[in-house]
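Asks: pasting the structure only:
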């Protein structure tokens, strides 16, 4: 299992040129700092990676579309994480993590 310097995944933790297939192990709701404020966020944890993925609305909706809205059903399911080169955040475009289906993908972390 790769080690990360942070508790939560960042785009710089993933390869730019390949999807990272992960298996959802668990989730929890945590209070995280975002934009200088504390906010409650869902965090996903994976079998293959120690760092969690703090879910934003876009990735949460993507997983709901792939697996379903009931989070307990997500456990044991696989998704592909990838780095999108231009995600808008507070009016700025930067690299960001996105989620998609694992169909037809073969790269694993």
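Replies: Great, that's in hand. Given the structure is predicted, the values throughout are model-derived calculations rather than measurements. Residues are numbered from 1 along each chain as shown.

Asks: contacting residues around the residue lying closest to residue 87 once chain neighbours are set aside?
Replies: Nearest residue to residue 87 in three dimensions, chain neighbours excluded: residue 96, at 3.1 Å (C-beta to C-beta, 6 or more residues apart in numbering). The C-beta positions use only the backbone N, C-alpha and C, and glycine is treated the same way. If you count contacts by C-beta atoms under 8 Å, 6 or more residues apart in numbering, residue 96 has them with 11, 83, 84, 87, 89.

Asks: Got the confidence number for residue 96?
Replies: Listed pLDDT for residue 96 reads 91.

Asks: Bridge partners for it, pull those for me.
Replies: Beta bridges link residue 96 to residue 84 when assigned by DSSP bridges.

Asks: same thing with residue 22?
Replies: The partner residues for residue 22, given DSSP bridges, come to residue 79.

Asks: ok, it touching residue 50?
Replies: No: the pair residue 22 and residue 50 fails to qualify as a contact (C-beta atoms under 8 Å) at a distance of 11.3 Å.
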